[in-house]
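**Student:** Dropping a prediction and its sequence here:
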Amino acid sequence: VIANAAMPGSGRGDPVLYSDFALHLTEKALIARVRRKARNRPPIVAGIGDDCAILRIPQGHEAIVTTDFSLEGVHFRRQWHPAESVGHRCLVRGLSDVAAMGGEPIAAFLSMAVPRKLPQKWVGQFLQGFLKLADRFGVSLAGGDTAESPDGILADIVVVGSCPKGRAIRRSGAIPGDSIYVTGKLGGSEAALQRMFAKPKGRLNHTDFPRHFFPEPRIRAGTILREKRLASAMIDLSDGLSTDLAHICEESGVGAEIDSEKLPRARVGKAKRAVSLNLALHGGEDYELLFTASAHTKIPARLGAVAVTRIGQITARKKIYVVRQGEREELKPQGWEHFR
Ligand SMILES: [Mg+2]
């Protein structure tokens, strides 16, 4: 695994690009902490401070790798999302992909481009949100790069995880007759965005919308499914049920039927009102797991800390339908594109 191990304040990388947020004390302290941690974690042989990170993949395992962008104006807005939430969500995107394979995360690599006028405090709080989550899942920040952006904040996260050889849960394993399940509740993240669009100047109470501001990656649920060989196919819900289910169906060469009444709709806001069916079907960024399992496999009601709901079944006909009040209608992928 190769990575440019230059982090802000580490004294490496392009000194010109660093001029803006290199020598900040708090940040330096943060990086020192990161470096200490990176050294102490067993799977990492060398992390920040060398030209490449060297990762030791446990014997009999293979590496799984994912990368995701977090872009200002596309995935977050500075006036809506606190920096800590942006850092948290940036890492969740990668951790959730690892969870979707049934893998365990090992190391993260973070590259950032920020505008010259961005307050240093913002970067510090972003890293705090990022590292707090990394710590909870035993993930080392093992490298990255920084640059100046002409406009807007760009963060690119790479997460490396591992899985016992040949045991990663793919999108392609669903067969007709399999049941379809989701973890947690759907639509809660998009509901927060809708409110912010409706009142762009208002402030949402973050604790009323935890799934949006501080979503939990379903690592434990994913590893249980893999260890017990329960799932035939899996994906994480980043773009919305209608879009992500279509990915499973396409990769597996099957179709699906969803029972609208079974969908676990998130309850949001102070009043804890259930979100609309549309939000549950199409809302993105819930970071729950969507998986299939043989009809003969008994799926527990909970996987770790999260509830599991059966929402439909896989069919041979290569189309996706949603059944509501006895009527069957085709479900087209409509993952919402947030900031258009
Ligand atoms: Mg994914």
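**Tutor:** In hand now; what should we look at?
**Student:** Counting neighbours, which bits of the helix or strand hosting residue 129 end up buried?
**Tutor:** Secondary structure assignment for residue 129, by DSSP states H and E: helix 120-136. Buried residues in helix 120-136, counted by 16 or more other CB atoms under 10 Å: 120, 122-131, 133-134. For glycine as for every other residue, the C-beta is placed from the backbone atoms N, C-alpha and C.
**Student:** Among these, find me the one that's closest to the ion.
**Tutor:** residue 133 (17.0 Å; CB to the ion).
**Student:** my guess is that closest one contacts residue 86, does it?
**Tutor:** No - the pair residue 133 and residue 86 does not pass the contact test of CB atoms under 8 Å, sitting 11.7 Å apart.
**Student:** nearest spatial neighbour of the closest residue to the ion within the stretch 151-300 of the chain, skipping sequence neighbours?
**Tutor:** Among the residues of the stretch 151-300 of the chain, residue 236 lies closest to the ion, at 4.4 Å counting by CB to the ion. Of all residues not flanking residue 236 in the chain, residue 100 sits nearest, at 3.8 Å (CB to CB, 6 or more residues apart in numbering).
**Student:** for residue 176, same thing?
**Tutor:** Closest to residue 176 by CB to CB, 6+ apart is residue 316, at 4.1 Å.
**Student:** check contacts around the one you found.
**Tutor:** Neighbouring residues of residue 316 by CB atoms under 8 Å, 6 or more residues apart in numbering: 176, 254-255.
**Student:** Provide the backbone phi and psi angles at it.
**Tutor:** phi -80, psi -30 (degrees, to the nearest 10).
**Student:** those helices in the chain, which residues are they?
**Tutor:** 15-18, 25-40, 83-100, 120-136, 188-198, 210-213, 219-227, 241-252, 277-282 (DSSP state H).
**Student:** what is residue 314 paired to in the beta sheet?
**Tutor:** residue 256 (DSSP bridges).
**Student:** Flag the shaky bits of the protein, pLDDT-wise.
**Tutor:** Residue ranges of the chain with pLDDT under 70: 1-45, 47, 336-340.
**Student:** Recalculate using a threshold of 90.
**Tutor:** 1-56, 116, 120, 140-148, 199-207, 269-270, 332-340 (pLDDT under 90).
**Student:** Contact distance from the ion - what residues of it qualify?
**Tutor:** 97, 236 (CB under 5 Å from the ion).
**Student:** Spatially central residue for the chain, please.
**Tutor:** Residue closest to the mean C-alpha point of the chain, counted by CA atoms, centre = their mean, is residue 93 at 2.5 Å.
**Student:** What sits closest to that residue if chain neighbours are left out?
**Tutor:** In space, residue 93 is closest to residue 68, 4.0 Å off (CB to CB, 6+ apart).
**Student:** how much space between that neighbour and residue 288?
**Tutor:** Per CB to CB, to the nearest Å, residue 68 is found 17 Å from residue 288.
**Student:** ditto for residue 323
**Tutor:** 21 Å.
**Student:** swap in residue 145?
**Tutor:** 31 Å.
**Student:** what sits against residue 306?
**Tutor:** 183-184, 216, 218, 220-221, 288.
**Student:** ok, now with 6 Å
**Tutor:** Counting by CB atoms under 6 Å, 6 or more residues apart in numbering, residue 306 touches 183-184, 221.
**Student:** next one: residue 267
**Tutor:** Applying CB under 6 Å, 6+ apart, the residues contacting residue 267 are residue 274.
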